[in-house]
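> Fold the following for me, if possible:
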Amino acid sequence: MTVVDDMRRLEELAISRLLEPLSTDEEEEYAALKARLGQFDDAAIETTLALAHLAVLTAAEPVTRTLRAAVEKDADEFFGNQRTQSSIVAAARTWCNRALSASSAGWWIGLAASVITLLVLVHRGPEVQGPVAASDVPRPVEVSVAPVVPPPRVAPNIEPKSAPPGGTAVAIGSEWQAFLASHPHAIERAWRAGGDATGERVMGEVAWDEASQTGYMRFVNLRHNEPNAEEYQLWIFDGERDQRYPVDGGVFDVTSSGGEQIVPIHAKLRVRVPLVFAVTVEQPGGVVVSDRSRIAAIANVS
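Numbering: from 1, shown residues only. Now for the predicted structure:
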């Protein structure tokens, strides 16, 4: 068994010993480990472990001077007046140094106990007798913390080149209605022309649900395309990503001109903060990065 294993086992036995009596075999093992590692004192080990535990506790209310003096007096009587402060600090420091070099657990114990032991045992304040005056009680310090304001989101620089003309509304399909009914928190935004002739009369909406990362697009008057020559591709601009590289929302075709068409969205990456949905005209199969020279439709989220 290595020194690291010995230190870890000694830590386990020391903690168990604080909670309940050890068995005969465990006591013998505990004594053997102490002897093997340098005859560590029980009080030093237990004090170090206890102080390390206190280091991770949430700070409570300040202790009054009278209570602190009483606790320190009881501690001195418990450990015995013959044990000086310097000997306790030295023994605890020795244990901390061994634990520090032996294991990750010992590192935390050594760090916490070294600091707290020196603060509690060496830098004690003077004992105060009698009641504590109200003026002696420390008052809470009021700290003014300015609210953290996130930077404003900047939408991608995509401006439509023409506005969509008026048209007759078309009844929404059952697939679209089913999606909106099952996703009550989905955002819904209207399409507008993006400048390319294919979308000069485009109408309809895009709906997107952030929780499920699903959505649909409804188009009216988006021009029919020839799949062998060109295809439409959706891009989703995410406020938490570089706007030069929007999320690919999938490639699709429009099978008829003038009518309504429902298209599901297939985002290739997770969209956290959708800012703009844009439909471009690309080569068959789509592209990895669009040059945005042919923008058919745009829907701004905000």
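
> And what about Ser293, helix, strand or coil?
coil (DSSP: H, G, I helix; E, B strand; the rest coil).

> same thing with the one 5 residues further on?
Under three-state DSSP, Ile298 falls in the strand class.

> Near it, how many other residues are there?
Ile298 is flanked by 25 other residues according to other Cβ atoms under 10 Å. In this view, the C-beta of every residue, glycine as well, is placed from N, C-alpha and C.

> quick one: contacts for it?
158, 160, 191-194, 276-279 (Cβ atoms under 8 Å, 6 or more residues apart in numbering).

> got a markdown table for those, with distance to Val247 and pLDDT too?
Shown next, in a markdown table, are the contacts of Ile298 (distance: Cβ to Cβ, whole Å; pLDDT from 0 to 100):
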| residue | distance to Val247 | pLDDT |
| --- | --- | --- |
| Ile158 | 14 | 53 |
| Pro160 | 20 | 49 |
| Trp191 | 18 | 97 |
| Arg192 | 20 | 97 |
| Ala193 | 22 | 96 |
| Gly194 | 18 | 95 |
| Val276 | 11 | 97 |
| Phe277 | 10 | 97 |
| Ala278 | 11 | 97 |
| Val279 | 13 | 97 |
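
> Sort out for me which of these are in strands.
Judged by DSSP state E, those include 192-193, 276-279 as members of strands.

> any idea which of those residues is closest to Asp291?
For the ones in strands among the contacts of Ile298, the residue nearest Asp291 by Cβ to Cβ is Ala278; the value is 12.5 Å.

> Ala297 versus the closest one, what's the distance?
7 Å (Cβ to Cβ, to the nearest Å).

> Comparing the two, which residue is more hemmed in?
Ala297 (29 against 25).

> how close does that one sit to Asp6?
71 Å.

> who's Pro264 bridged to?
Beta-bridge partners recorded for Pro264 (DSSP bridges): Tyr216.

> So what's the residue count around it?
If we define neighbours as other Cβ under 10 Å, then Pro264 has 13 of them.

> what do Ala278 and Ala297 both touch?
In contact with both Ala278 and Ala297: Gly194, using Cβ under 8 Å, 6+ apart.

> ok, back up a step: any idea which of the contacts of Ile298 is closest to Tyr232?
In terms of Cβ to Cβ, no member of the contacts of Ile298 lies closer to Tyr232 than Val279, at 5.5 Å.

> Please work out how many residues are found near the closest one.
28.

> ditto for Ser182
11.

> now it: how far from Val301?
Using Cβ to Cβ, Ser182 is found at 21 Å from Val301.

> Is the residue lying closest to Ile187 once chain neighbours are set aside in a helix, a strand, or coil?
Nearest residue to Ile187 in three dimensions, chain neighbours excluded: Trp208, at 5.4 Å (Cβ to Cβ, 6 or more residues apart in numbering). Using three-state DSSP as the criterion, the local structure at Trp208 reads strand.

> Quick check, Trp208 in contact with Phe277.
Yes: taking contacts as Cβ atoms under 8 Å, Trp208 lies within contact range of Phe277: 7.4 Å.

> overlap in contacts of these two?
Ile236.

> and these two? which has more neighbours close in?
Phe277 (27 against 24).

> Specify the beta-bridge partners of the more buried one.
Applying DSSP bridges to Phe277, the residues it is bridged with are Ile236, Ala299.
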